[in-house]
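*Asks:* Please work out how this folds:
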Amino acid sequence: MFYRRLARLEADVLSLLRRLLAIKSLLPGIMKSLQHLACLACVYILSSVAGHAAVSAAFTYQGKLMDGTTAANGRYDLRFAVFDVAERGRPLAGPVTNAAVLVSNGVFTTAVDLGHVFNSDPRWLEVAVRLSKSETAFVVLTPRQEMTSTP
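*Replies:* Numbering: from 1, shown residues only. Below you'll find the predicted structure:
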């Protein structure tokens, strides 16, 4: 009886050794696949981080400025601020002043960067203006412009 158990144990050990050898022969391929997978994960993570770092909060704002009933011409300082309400309230961002923006036939275009204050909540842009290089106070244009996303 003892010898049978010993023979069975020896057979089990030999079977286990064969399995371990089979697994060992697979290990280089598995390790190579894991290395490739780790490299791909690093590339994905780095490209995701680089892509997010390049995103700017700046947007292009184009408007029409009138001086009374006449289209404005010349250089103007434009001041921008973002609010979460259409009237009154405190700015969420800004004010940011873009100095000496060229206005031609009343039309101007400028880049505005108020930081990352945009989410799904409503936002209004307040624009104020004065002649460039002037010491006079800014004149706030009303009403504030509701900001909406575009595809």
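
*Asks:* Test my guess that R130 contacts L141.
*Replies:* No: look at R130 against L141 with Cβ atoms under 8 Å: they stay out of range, at 11.1 Å. In short, each C-beta sits where N, CA and C put it, glycine included.

*Asks:* Report the beta-bridge partners for L78.
*Replies:* N98, V129 (DSSP bridges).

*Asks:* any idea how this structure splits into domains?
*Replies:* Taking automatic domain parsing as the domain assignment, the record places the domains of the chain at 1-55, 59-147.

*Asks:* which stretch in those domains has the least confidence?
*Replies:* Ranked by mean pLDDT, the domains of the chain bottom out at domain 1-55, with a mean of 61.

*Asks:* Tell me where the chain has helices.
*Replies:* Remark: helices assigned in the chain by DSSP state H are 2-53.

*Asks:* Enumerate every residue touching D84.
*Replies:* 92, 121-124 (Cβ atoms under 8 Å, 6 or more residues apart in numbering).

*Asks:* and which of those residues is nearest R4?
*Replies:* Set against R4, the nearest of the contacts of D84 by Cβ to Cβ is D121 (78.9 Å).

*Asks:* May I have the residues that are in contact with A71?
*Replies:* Taking Cβ under 8 Å, 6+ apart as the definition of contact, the neighbours of A71 are 64-65, 105-107.

*Asks:* got it, and L92?
*Replies:* For L92, the contact set (Cβ under 8 Å, 6+ apart) comprises 82-84, 117, 123.

*Asks:* Can I get the buried part of these as one PyMOL selection?
*Replies:* Selecting only the buried entries of the contacts of L92 in PyMOL, with 16 or more other Cβ atoms under 10 Å as the criterion:
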select buried, resi 82+83+117+123
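
*Asks:* Check the contacts of L92 and tell me the two furthest apart.
*Replies:* Across those, the two members that end up farthest from each other (Cβ to Cβ) are F83 and V117, 9.9 Å apart.

*Asks:* where do the contact lists of those two overlap?
*Replies:* Between them, F83 and V117 share the neighbouring residues 92, 123, with contact defined by Cβ under 8 Å, 6+ apart.
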